[in-house]
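**Q** quick one, what's the 3D model for this:
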Amino acid sequence: MSRVTLGDVAIERRETLKGAKADYPIVGLEHLIPSQITLTAWGNSSDNTFSKVFHKGQVLFGRRRAYLKKAAVAPFDGLCSSDITVIEAKANLILPELLPFVIQNDAFFDYAVGKSAGSLSPRVKWEHLKKYEFELPGMDEQRKLAELLWSMVEAKEAYQELLRQTDDLVKARFIERFGECKNQMAKAGEIMLNLRNGVSPSKSGKHHERILTLSAVTQGKFDPSAWKDGYFNECPAKDKRIQAHEFYMCRGNGNVALVGTGVYTTKAYSDLVFPDTVIAAQIDDTRIRLPFLYVAWKMPDVRAQIVKNAKTTNGTYKINQNAISAISLIVPPLLEQDDFLRFVQKSDKSKLELEQAMKAMEAVYNKILSENLG
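**A** Residues are numbered from 1 along each chain as shown. Here you go, the predicted structure:
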């Protein structure tokens, strides 16, 4: 095992497309999923400004806002955003199948964040990334390590698929039970009260607060550990802090699939404020249970309304309070909601067991990365 820099064993590719782009899939930052090493989303429209070429097997690293941990292996040739660094292995020095794990690694992301420049959209350059140091085993050990790590990725994806299937079962049961209840529809504005946006941090504010990152809301379950330091000209008001038993929605994101997605809280976090990319709402609990709203809000007809009403500017999708209030959803009597939620609780128990197994496997995965590529 030897100590190397990324630049010793890999190069940045800066190939530019010379001809027509019609036949190329495109990958933007919104297609890279945080902490996911396989690429599962991309676009096919030629109506874009992308001209950077990537090839199958190369690593696509999101150099803007590196703290989002976006890096994936390209499964095909295509075009990508200029905010993506294309990295290729020097195959005689590092196994191409192992390079993605050097990049999709907490130690590498921490290094990239530390070398990033810029306040609103920090970016990191290859000239800094190539100086990242790590331990690299010999080629025989690299093959064994890559095989082990990819098998763990496959196992993780299998767990994720089981989680998706469990969610799909809940959706199917919801549609089966309530899909024809058109006489039980209500506007979101009738059950969501006191809708409000969060606050924007200031570059030179004197008040220091912990501010949620958008991922705290978009991951499908409220995550109070997803926060960063924020500074404000004035101390944020109480209603800009995380309250108990409220619904929080993504107001704006580069990925339209995440716009409007919501989570609910069970307790207050008075030391956390939420950003203006999030909309908060109190709930009329005489009409709807928060867990039921959470399920109903994910139904295909509701999502279709949200996407339809989202506005886009330069690829950034947003939805406002008025559009949220106009969304129609099914709100059956509370007794029927409670009965359905008993089924949801059983599904949640199954999901919890899967998530715990996946978390244990990820701990082993991270330990292997640290011990072998640290």
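**Q** how near is residue 242 to residue 201?
**A** 16 Å (CB to CB, to the nearest Å). C-beta: built from backbone N, CA, C; applies to glycine.
**Q** more crowded one of the two?
**A** residue 242 (24 against 21; other CB atoms under 10 Å).
**Q** okay, and the beta partners of that one?
**A** Beta-bridge partners recorded for residue 242 (DSSP bridges): residue 269.
**Q** now it: how far from residue 158?
**A** Using CB to CB, one gets 34 Å for the distance from residue 242 to residue 158.
**Q** burial of the nearest residue to residue 75 once chain neighbours are set aside, as a residue count?
**A** Nearest residue to residue 75, sequence neighbours excluded (CB to CB, 6 or more residues apart in numbering): residue 39, at 5.7 Å. Neighbour count for residue 39, taken as other CB under 10 Å: 19.
**Q** I'd guessed residue 39 sits against residue 28; true?
**A** No. With contacts counted by CB atoms under 8 Å, residue 39 stays clear of residue 28, the gap being 11.6 Å.
**Q** what separation do you get for the residue nearest to residue 75 and residue 55?
**A** Using CB to CB, residue 39 is found at 13 Å from residue 55.
**Q** again, but for residue 359
**A** 34 Å.
**Q** and for residue 295?
**A** Separation of residue 295 from residue 55 (CB to CB) stands at 42 Å.
**Q** how about residue 145, what does it touch?
**A** Residue 145 is in contact with 98, 101, 137, 368, 372-373, counting by CB atoms under 8 Å, 6 or more residues apart in numbering.
**Q** in the stretch 151-300 of the chain, which spans are strands?
**A** With DSSP state E, counting those that start in this stretch as the criterion, the stretch 151-300 of the chain has strands at 185-187, 192-197, 207-212, 227-232, 241-242, 246-250, 252-253, 262-264, 269-273, 278-283.
**Q** which of the ones you listed has the lowest mean pLDDT?
**A** Sorting the strands of the stretch 151-300 of the chain by mean pLDDT places strand 252-253 lowest, at a mean of 77.
**Q** going along the chain, name the helices of this protein.
**A** Along the chain, the segments classed as helices by DSSP state H run 6-9, 99-103, 106-115, 126-129, 139-178, 188-191, 215-218, 290-296, 300-309, 321-325, 334-373.
**Q** for the last one, buried residues please.
**A** Pointing back at helix 334-373 there. Buried residues in helix 334-373, defined by neighbour count with 16 or more other CB atoms under 10 Å: 337, 340-341, 344, 351, 358, 365, 369, 372-373.
**Q** that helix to helix 139-178, inter-axis angle?
**A** 180 degrees (axes from the mean of the first three to the mean of the last three CA atoms, to 10 degrees).
**Q** what's helix 334-373 packed up against?
**A** helix 99-103, helix 106-115, strand 133-136, helix 139-178, helix 290-296 (3 or more CB pairs under 8 Å, 6 or more residues apart in numbering; DSSP states H and E).
**Q** let me know which of the ones you listed is tucked in deepest.
**A** With neighbours taken as mean count of other CB atoms under 10 Å, the helices and strands packed on helix 334-373 reach their highest mean count in helix 99-103, at a mean of 24.
**Q** give me the average confidence score over that helix.
**A** Summarised as a single mean, pLDDT over helix 99-103 is 97.
**Q** then stretch 340-355?
**A** So the average pLDDT for stretch 340-355 ends up being 95.
**Q** returning to what we had before: worst mean pLDDT among the helices of the chain?
**A** Among these, helix 215-218 scores lowest, at a mean of 88.
**Q** I am finished for the moment; much appreciated.
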